[in-house]
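> 3D, please:
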Amino acid sequence: QLQLVESGGGLVQPGGSLRLSCIGSGFIFHNYAIGWFRQAPEKGREGVGCISRGGGDKKYADSVKGRFTISRDNAKNTVYLQMNSLKPEDSAIYYCAAITAPWGEVPCTPNGMDYWGKGTLVTVSS
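As a prediction, this is how the structure comes out:
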């Protein structure tokens, strides 16, 4: 059974940091590009950061460039999202998602992903 499980969310003050983790199981992890997406109340789901199968290619939303870093460890079936300098507008449920993709490609649109985790809540507030 294919599973993606997110962890690492929580409450943090503005300017703080969090590291999210996404662990995959039940599939050949390195065959999939992985993305982090987020959805705030009454807003659509948006791509935050996405990474290719091997980890060498990445994409970021303009709103998080320079603050967030996506990485992966295929030996641990895990993708990370390091979030620094957090802002209140970063508050959302964060999801990881997987999609089969050719080597080096980085799909990063919510409608295109094959599998989704259940999400982890990030709240940035003083």
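
> Packing partners of the helix or strand harbouring Cys22?
Using DSSP states H and E, Cys22 maps to strand 18-25. Under the contact criterion of 3 or more C-beta pairs under 8 Å, 6 or more residues apart in numbering; DSSP states H and E, strand 18-25 touches strand 3-7, strand 32-39, strand 78-83, strand 92-100, strand 120-124. No exception for glycine: its C-beta is placed from N, CA and C like everyone else's.

> now, of those strands, which is deepest in the fold?
strand 32-39 (a mean of 25; mean count of other C-beta atoms under 10 Å).

> I'd like the next helix or strand past it.
With DSSP H and E, the next secondary element past strand 32-39 is strand 46-51.

> hang on, the earlier thing: let's have the helices and strands packed on strand 18-25 in TSV, adding mean pLDDT and distance to Gly26.
Converted to TSV, the helices and strands packed on strand 18-25 look like this (pLDDT from 0 to 100; distance: least, C-beta to C-beta, whole Å):
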stretch	mean pLDDT	distance to Gly26
strand 3-7	98	5
strand 32-39	97	11
strand 78-83	98	14
strand 92-100	97	11
strand 120-124	98	19
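
> Redo the ones you listed as JSON lines? Include distance to Asp62.
JSON lines is the format used below for these (distance: least, C-beta to C-beta, whole Å):
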{"stretch": "strand 3-7", "distance to Asp62": "23"}
{"stretch": "strand 32-39", "distance to Asp62": "14"}
{"stretch": "strand 78-83", "distance to Asp62": "15"}
{"stretch": "strand 92-100", "distance to Asp62": "16"}
{"stretch": "strand 120-124", "distance to Asp62": "18"}
